[in-house]
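Engineer: missing the sequence, but the structure's below:
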């Protein structure tokens, strides 16, 4: 069977030296904010002016999100994706990712599924994925040739409930 992921409301990608929690979405250093609130169509807008449009690949399905007025995308775990124009990763030392995930089903194929990733095909990359145990989250990052990876504890990603996942990486610490 196929693995299904739903990403709700937004995907944030921050590039900068600090991140603070505010009631409103911070704009300093923010390079991407995809609300996924369209509810239909083949693209999703970046709420940051001049930001890259997300193009739905292989028809992920629009579904109701965690709130009745919100939408989400359901991915099949094999070839559904949202492709976003490349953002330059060179000379980058920090990143923060914030997103909602809802692991819908696990029939042996959820393990190691990629949630969000980016690579510039040289020395800079990041990836957030489901762990090999299918119940945890892995994060790996590398900038300027130095890389590392981290994993949440087993059973920290139960099925059929929404999870707000936030990861901050600072190459200098």
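Structural biologist: Structure received. Predicted, not measured: the structure shown is a model, and the values here were computed from it.
Engineer: Mind telling me which residue is nearest the centre of the protein?
Structural biologist: With distances taken as Cα atoms, centre = their mean, residue 116 lies nearest the centre of the chain, 4.0 Å away.
Engineer: Wait, that residue touches residue 128, no?
Structural biologist: Yes. Assessed by Cβ atoms under 8 Å, residue 116 is found in contact with residue 128 at 5.0 Å. C-beta here means a position set from N, CA and C on the backbone, and glycine is covered the same way.
Engineer: Spit out the residues that contact these two alike.
Structural biologist: When contacts are counted by Cβ atoms under 8 Å, 6 or more residues apart in numbering, residue 116 and residue 128 are jointly contacted by 97, 99.
Engineer: re the thing from before, and the residue nearest to the centre of the chain, how far from residue 40?
Structural biologist: Distance of residue 116 to residue 40, computed by Cβ to Cβ, to the nearest Å: 22 Å.
Engineer: picking up where we left off before, tell me which element the residue nearest to the centre of the chain falls in.
Structural biologist: strand 114-119 (DSSP states H and E).
Engineer: So which elements touch that strand?
Structural biologist: Secondary-structure packing of strand 114-119 (3 or more Cβ pairs under 8 Å, 6 or more residues apart in numbering; DSSP states H and E): strand 5-14, strand 94-101, strand 125-130.
Engineer: If we use 10 Å, what do you get?
Structural biologist: strand 5-14, strand 81-84, strand 94-101, strand 125-130, strand 137-143, strand 163-170 (3 or more Cβ pairs under 10 Å, 6 or more residues apart in numbering; DSSP states H and E).
Engineer: Run me through the strand neighbours of the third one, direction for each.
Structural biologist: Applying DSSP bridges, strand 94-101 is found paired with strand 5-14 (antiparallel), strand 163-170 (antiparallel).
Engineer: Residue 53 contacts residue 47, correct?
Structural biologist: No. Residue 53 lies out of contact with residue 47 (Cβ atoms under 10 Å); the separation is 11.1 Å.
Engineer: what's near enough to touch residue 126?
Structural biologist: 13, 89, 92, 95, 97, 116-119, 139-143, 147, 167, 169 (Cβ atoms under 10 Å, 6 or more residues apart in numbering).
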